[in-house]
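Build me a model:
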Amino acid sequence: MSIPTPHIEAKKGDFAKTVIMPGDPLRAKLIAEKFLEDSVLVTSVRGMLGYTGSYKGVRVSVMGSGMGMPSMGIYSYELFNFYDVQNIIRTGSTGALQPGLNLGDIIAAMSACTNSNYASQYGLNGSFAPTADYTLLRTFDDVSKDLGRTVHIGSILSSDAFYSANETENDKWKAMGVLAVEMETAALYMNASYAKKNALGIFTVSDCIGTDKAMSAEQRQNSFTNMIELSLETARRMGD
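Reported below is the predicted structural model:
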């Protein structure tokens, strides 16, 4: 396959080495307009907006991934394999499972458990453990310390179902120490591993599962700023 791809209309060289990927394309637009200098729209196929600009002198791209592993699987695959993107940093919301987590807390996924069958395509004789790139994770941890931000690092769950018929399913993942639930990262980590590229998932706790704690729209906007700044600074330190 050549570029443009079926899902991305950008030309060769339009994407930076590192792409920040929120799920919502409108959040990608907000990041580009609020945080990047001289940002340019490089793709808008199916409304999945992607921009490239600079952050503190370093070229950075931002693009939506959509919801769920199939959508993340498509966009991250094409970025890694056809646009020579080296690093993808997913930024998203997550539902906390552990009692020590609070609204607005930031989590980095060292690993991504999953109930998805995404890994079956690789024909492995066993279970694959999707993990973050160590250099990206270490850089993010250094950035959080330098900026004085408290973060939690551990395992998360990438689930295929937002609404599950099994109401106690999350209790079993919680018992295994899984920090939180989202819907994309396992596929991103698998694509990165197969393409010999790098990925990291960073999340803001937007609700605490099993409680009535949930962010308002205003709280989401303000709290997500911390996560965005951490991801952009991580991208900057990874260089051009």
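
roughly how far apart are Q98 and R220?
Q98 is 20 Å from R220, where distance means Cβ to Cβ, to the nearest Å. Using the backbone N, CA and C atoms, a C-beta is placed for each residue, glycine as well.

cool, and D84?
33 Å.

Those two - which one has more neighbours?
Under the neighbour definition other Cβ atoms under 10 Å, D84 and R220 were set side by side, and R220 has more, 17 against 13.

all helices of this structure, in order?
Applying DSSP state H to the chain gives helices spanning 25-35, 69-82, 134-146, 169-175, 185-195, 217-238.

closest to K11 out of those helices?
Nearest of the helices of the chain to K11, taken as Cβ to Cβ: helix 69-82 at 11.2 Å.

helices or strands next to the closest one in the packing?
Judged by 3 or more Cβ pairs under 8 Å, 6 or more residues apart in numbering; DSSP states H and E, the packing partners of helix 69-82 are strand 18-22, strand 87-96, helix 185-195.

what angle sits between the second one and helix 25-35?
For strand 87-96 against helix 25-35, the angle by axes from the mean of the first three to the mean of the last three Cα atoms, to 10 degrees is 120 degrees.

Check the last one too.
Between helix 185-195 and helix 25-35, the angle comes out at 80 degrees (the same axes, to 10 degrees).

Please put the alpha-carbon coordinates of helix 185-195 into CSV.
Output for helix 185-195, consisting of C-alpha atoms alone and laid out as CSV, is shown next (Å, rounded to 0.1, in the frame of the first residue of the first chain):
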residue,chain,number,x,y,z
THR,A,185,-4.1,1.0,24.2
ALA,A,186,-3.6,-2.8,23.9
ALA,A,187,-4.1,-2.5,20.1
LEU,A,188,-1.7,0.4,20.0
TYR,A,189,1.0,-1.4,21.9
MET,A,190,0.6,-4.5,19.7
ASN,A,191,0.9,-2.5,16.5
ALA,A,192,4.0,-0.7,17.8
SER,A,193,5.6,-4.1,18.8
TYR,A,194,4.9,-5.6,15.4
ALA,A,195,6.2,-2.5,13.5
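
how about it: buried residues?
For helix 185-195, a neighbour-count test (16 or more other Cβ atoms under 10 Å) marks 185-193, 195 as buried.

got the contact list for that helix?
Around helix 185-195, the neighbours that count as contacts under Cβ atoms under 8 Å, 6 or more residues apart in numbering are 21, 65, 69-70, 72-73, 76-77, 80-81, 88, 90, 109, 111-114, 116, 118-119, 122, 128, 130-133, 156, 158, 197-199, 201.

got a list of what A16 touches?
Counting by Cβ under 8 Å, 6+ apart, A16 makes contact with 52, 59-61, 85, 240.
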